[in-house]
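Chemist: Task: produce atomic coordinates for the following.
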Amino acid sequence: MTYQVQPGDIFGRIGTGLAQGLSESVPKEIERARLSAGLRNFEQQSGELNPMQQLARLAGVPGITPQMIQSFAELARHQNKASAYGKSAEMQPRGIQNAPPSVAPNIQDVNFANLNQRPSGGQAPKIPSLPGQEQPVFNPQNPLNEEVLTKSQWTPQQRNARIREYVDQGFLVNDAERLAADDEQRQLAEPKAYQARSEELKKAREESEGELTKQLETKLQKNDKEFYSDVTGEMLQSLKRGMARDLRLNPNENVENVANKWSNIGLEMAKTKSQLQKLSSETGFSSLFKGGDIENKLKSYQKIFAKAGNEEELFNILKSNFGMSPRGAAHIAFPRSSEVKKYLENVKSNFFGGTRKGLNERKIAVEIGDLLRKNDSIQAILSDLMAADTTFDQTAFFDELLKNQDELSLSPRQEREIAEGPSGFLRNWGDFLILPARRR
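Modeler: Presented below is the predicted three-dimensional model:
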């Protein structure tokens with residue numbers, strides 16, 4: 001006799017299958033949920049963690065696999081490096097004690113052999129400007145400057161300090177070591193690049209100045225001692241500075257053309273000096289009846305001297321050849337700057353006579369001192385003030401300027417004018433012959 005089991009109720013079989021499926025899927029879903037929550041939490045905090053902390057935090061995420069940890073580690077490495085480069089571009093790393101200096105005063109942003117791609121220890125050196133010049137294009141370096149002297153290798157402490165700078169910015173240690181070694185090599189290479197650059201500038205300067213002198217000698221048809229009878233040493237230096245400035249501002253211009261421009265200016269200067277010599281021999285008593293003709297001629301000549309930056313030579317010619325006083329000669333040789341001219345126009349209308357006892361003069365000296373430009377002449381300014389008020393107290397004026405001299409940005413010529421002090425009330429004969437009556 002056989003026994004046959006009858007199929008169970010269909011709903012019971014469905015329930016059994018559901019229970020079995022749930023028992024298998026629910027734990028997996030819970031595990032995936034915990035993994036997802038752990039990864040979201042890691043994502044929010046990873047930016048504040050260093051690589052070691054990130055690895056430890058990942059290993060503690062429920063359900064993380066070794067393959068996932070490896071993938072995250074590689075991704076984190078790339079992200080950290082990108083972030084570190086960003087910080088390196090923005091941060092000024094801490095200086096290294098006793099490290100050789102590598103940044104010189106600025107004249108122009110010259111990149112020597114691409115040496116300016118690193119923090120302070122690896123920046124490119126820059127050639128400083130010469131005193132009294134506005135960023136000349138030719139400036140061979142001082143051979144005693146620390147920047148051009150051979151540098152010693154970094155000590156272990158200096159090297160470790162630089163590595164620490166990069167690590168603090170977020171670089172991994174091996175990258176920080178490589179960057180620090182690169183910085184050291186760049187710094188050691190700077191003096192050679194510096195010296196090579198200086199030699200190039202020196203050669204370029206000699207070639208350009210030689211071209212200027214050659215063209216001047218040809219146009220003047222003079223050389224050696226005869227040359228300097230027309231072109232003084234000071235005048236030649238002014239022409240050279242003007243030429244260097246033009247070459248710097250017009251890098252695509254060639255040397256021959258710029259030398260031609262400045263040799264023509266020198267030629268005009270020489271011709272003007274001859275005309276001045278002739279005019280001085282013709283200036284006599286009859287000049288009193290010619291109104292401002294001679295003064296106007298001299299002011300026209302002044303523009304030629306000014307173009308060459310040589311106003312002081314005209315000042316000396318007016319004193320020696322025309323017999324003018326320093327005050328009278330300065331009035332013609334050094335036109336007032338627009339700021340000073342405007343101030344003088346305002347102050348002239350406020351003069352009173354008699355009882356000021358130098359108080360206004362001292363106030364004027366302080367205010368004028370703040371407005372002075374390098375081409376202004378204190379003697380010329382005094383000429384304007386004395387023309388407006390013959391009782392103007394020169395002594396109080398110069399005394400106040402002398403007292404404030406150290407705080408003022410004065411040129412050497414202006415310092416000499418202050419040292420010379422007041423001029424006499426009696427004017428030179430040349431002033432009477434050339435200047436209008438109100439300025440005598």
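
Chemist: now the helices for the stretch 151-300 of the chain?
Modeler: Assigned by DSSP state H, counting those that start in this stretch, the helices in the stretch 151-300 of the chain fall at 156-168, 173-220, 224-230, 233-249, 255-282, 293-307.

Chemist: Output those helices as JSON lines; include the columns distance to Glu147.
Modeler: Backbone N, C-alpha and C define where each C-beta goes, glycine included. What follows is the helices of the stretch 151-300 of the chain, written out as JSON lines (distance: least, C-beta to C-beta, whole Å):
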{"stretch": "helix 156-168", "distance to Glu147": "18"}
{"stretch": "helix 173-220", "distance to Glu147": "6"}
{"stretch": "helix 224-230", "distance to Glu147": "36"}
{"stretch": "helix 233-249", "distance to Glu147": "21"}
{"stretch": "helix 255-282", "distance to Glu147": "28"}
{"stretch": "helix 293-307", "distance to Glu147": "36"}
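
Chemist: Select from those helices the stretch with the lowest mean pLDDT.
Modeler: Mean pLDDT is lowest for helix 224-230 among those, at a mean of 80.

Chemist: Which strands and helices lie in contact with it?
Modeler: Counting contacts by 3 or more C-beta pairs under 8 Å, 6 or more residues apart in numbering; DSSP states H and E, helix 224-230 packs against helix 173-220.

Chemist: And the helices of the stretch 151-300 of the chain: which comes nearest Glu29?
Modeler: Checking these against Glu29 by C-beta to C-beta gives helix 173-220 as the closest, at 41.4 Å.

Chemist: could you check the angle helix 233-249 makes with that closest one?
Modeler: Angle of helix 173-220 versus helix 233-249, following axes from the mean of the first three to the mean of the last three C-alpha atoms, to 10 degrees, is 130 degrees.

Chemist: now the angle between helix 255-282 and helix 173-220, please.
Modeler: Using the same axes, to 10 degrees: helix 173-220 against helix 255-282 is 40 degrees.

Chemist: quick check: angle from helix 173-220 to helix 156-168?
Modeler: Using the same axes, to 10 degrees: helix 173-220 against helix 156-168 is 100 degrees.

Chemist: centre of the chain versus helix 173-220, how much separation?
Modeler: 18 Å (C-alpha atoms, centre = their mean, to the nearest Å).

Chemist: Next one: the residue nearest to Val231 when sequence neighbours are not counted from Glu256, what distance?
Modeler: Leaving aside its chain neighbours, Val231 sits nearest to Gly266 (5.8 Å; criterion: C-beta to C-beta, 6 or more residues apart in numbering). Using C-beta to C-beta, to the nearest Å, Gly266 is found at 15 Å from Glu256.

Chemist: The two: which is more packed in?
Modeler: Taking other C-beta atoms under 10 Å, Gly266 and Glu256 do not tie; Gly266 has more neighbours (25 against 11).

Chemist: residue contacts, that one?
Modeler: Contact criterion C-beta atoms under 8 Å, 6 or more residues apart in numbering gives Leu216, Lys219, Leu220, Val231, Met235, Leu236, Leu239, Ala308 as the residues in contact with Gly266.

Chemist: So among those, which ones count as buried?
Modeler: Neighbour counting with 16 or more other C-beta atoms under 10 Å marks Leu216, Leu220, Val231, Met235, Leu236, Leu239, Ala308 as buried within the contacts of Gly266.

Chemist: Now the last one. Its backbone dihedrals?
Modeler: The phi and psi torsions at Ala308 (degrees, to the nearest 10) take the values phi -90, psi 0.

Chemist: same deal with Asn310?
Modeler: phi -130, psi 40.

Chemist: For this structure, give me the ranges with low pLDDT.
Modeler: Along the chain, segments meeting pLDDT under 70 span 1-28, 46-47, 50-51, 76-144, 284-292, 349-359, 424-427, 437-440.

Chemist: domain ranges for it?
Modeler: Using automatic domain parsing, the domain parsing of the chain gives 12-90, 288-439.

Chemist: okay, the ones you listed, which one's buried deepest?
Modeler: Highest mean neighbour count among the domains of the chain (mean count of other C-beta atoms under 10 Å): domain 288-439, with a mean of 17.

Chemist: chain center to that domain: distance?
Modeler: The chain centroid and the centroid of domain 288-439 are separated by 32 Å under C-alpha atoms, centre = their mean.

Chemist: what sits against Glu177?
Modeler: Residues in contact with Glu177, defined by C-beta under 8 Å, 6+ apart, are Ile163.

Chemist: you'd agree Leu267 is up against Leu216?
Modeler: Yes: contact criterion C-beta atoms under 8 Å: Leu267 and Leu216 qualify, at 7.2 Å.

Chemist: List the residues that contact the nearest residue to Gln394 once chain neighbours are set aside.
Modeler: Computed as C-beta to C-beta, 6+ apart, the closest residue to Gln394 that is not its neighbour in sequence is Pro422, at 3.6 Å. Pro422 sits next to Gln394, Thr395, Phe397, Phe398 when contact means C-beta under 8 Å, 6+ apart.

Chemist: Show me which pair in those is furthest apart.
Modeler: Among these, Thr395 and Phe397 lie farthest apart (C-beta to C-beta), at 7.2 Å.

Chemist: check contacts around Ile294.
Modeler: Residues in contact with Ile294 (C-beta under 8 Å, 6+ apart) are Leu279, Thr283, Ser287, Leu433, Ile434.

Chemist: what's the helix or strand for Arg40?
Modeler: Using DSSP states H and E, Arg40 sits within helix 10-45.

Chemist: now the helix or strand that comes right after that helix against helix 173-220, angle please.
Modeler: Once helix 10-45 ends, the next helix or strand along the chain (criterion: DSSP H and E) is helix 51-59. Relative orientation of helix 51-59 versus helix 173-220 (the same axes, to 10 degrees): 140 degrees.

Chemist: and helix 51-59, what does it pack onto?
Modeler: On a contact count with 3+ C-beta pairs under 8 Å, 6+ apart, helix 51-59 meets helix 10-45, helix 66-90.

Chemist: re the thing from before, tabulate the contacts of Pro422 in TSV, adding columns for secondary structure and distance to Gly38.
Modeler: Compiled in TSV, the contacts of Pro422 are given as follows (DSSP: H, G, I helix; E, B strand; the rest coil; distance: C-beta to C-beta, whole Å):
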residue	secondary structure	distance to Gly38
Gln394	helix	88
Thr395	helix	88
Phe397	helix	83
Phe398	helix	84
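
Chemist: closest one to Ile64 among the helices of the stretch 151-300 of the chain?
Modeler: Among those, the nearest to Ile64 by C-beta to C-beta is helix 173-220 (25.2 Å).
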